[in-house]
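Participant: missing the sequence, but the structure's below:
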């Protein structure tokens, strides 16, 4: 895969990822990850210091499936939705069909009453692998710019 094809494929992967979350198709969200994967949300300060503690941590697709199941059946939180705004991805490196990328994001949260705020901004640091004809996340580290994380962080970023 050449550089332009990699760029377009990662941009499409990010767009599909955001669409699934933003359109409340959360049951499809784990399908973007390899069976053995890493998904975590952390702050820029903690990431820079190398701290492993995370706001959200999952190290398998099964844990992501469980998270969605808990959101649907067990967790109590105010109904809300997101709208992702993403920059173009930067391909940081590639080896064969595997690659690393960084993508800046902003997430707007829309509450049931219509209140809309900038909820989170930061960057996705991704390890992406080719699985047949599809790209999948082997690792997605969500690095939030602000150390202030709203306790209503329920839906995946």
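Facilitator: Cool, the structure landed. If you're wondering where the values come from, they're calculated on a predicted model, not measured in any experiment.
Participant: going forward, measure contacts and count neighbours with C-alpha atoms only.
Facilitator: Fine.
Participant: scan this protein for its longest strand.
Facilitator: strand 116-131 (DSSP state E).
Participant: which residue ranges of the chain form strands?
Facilitator: 33-43, 56-58, 80-86, 90-95, 98-111, 116-131, 134-144.
Participant: buried deepest among the ones you listed, which one?
Facilitator: strand 134-144 (a mean of 22; mean count of other Cα atoms under 10 Å).
Participant: thinking again about what came up before, same list, the strands of the chain, but as CSV with mean pLDDT please.
Facilitator: Listed next are the strands of the chain as CSV, based on pLDDT from 0 to 100:
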stretch, mean pLDDT
strand 33-43, 97
strand 56-58, 95
strand 80-86, 94
strand 90-95, 92
strand 98-111, 96
strand 116-131, 95
strand 134-144, 97
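Participant: JSON lines please, covering the ones you listed and showing distance to residue 18.
Facilitator: Listed next are the strands of the chain as JSON lines, based on distance: least, Cα to Cα, whole Å:
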{"stretch": "strand 33-43", "distance to residue 18": "14"}
{"stretch": "strand 56-58", "distance to residue 18": "18"}
{"stretch": "strand 80-86", "distance to residue 18": "6"}
{"stretch": "strand 90-95", "distance to residue 18": "17"}
{"stretch": "strand 98-111", "distance to residue 18": "10"}
{"stretch": "strand 116-131", "distance to residue 18": "12"}
{"stretch": "strand 134-144", "distance to residue 18": "13"}
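Participant: out of those, which comes closest to residue 7?
Facilitator: Among these, strand 90-95 comes nearest to residue 7, with 6.7 Å by Cα to Cα.
Participant: I'd say residue 36 and residue 138 touch.
Facilitator: Yes: contact criterion Cα atoms under 8 Å: residue 36 and residue 138 qualify, at 7.1 Å.
Participant: relative to residue 55, how far out is residue 25?
Facilitator: To residue 55, residue 25 is 22 Å away according to Cα to Cα, to the nearest Å.
Participant: same check, this time on residue 144
Facilitator: To residue 55, residue 144 is 10 Å away according to Cα to Cα.
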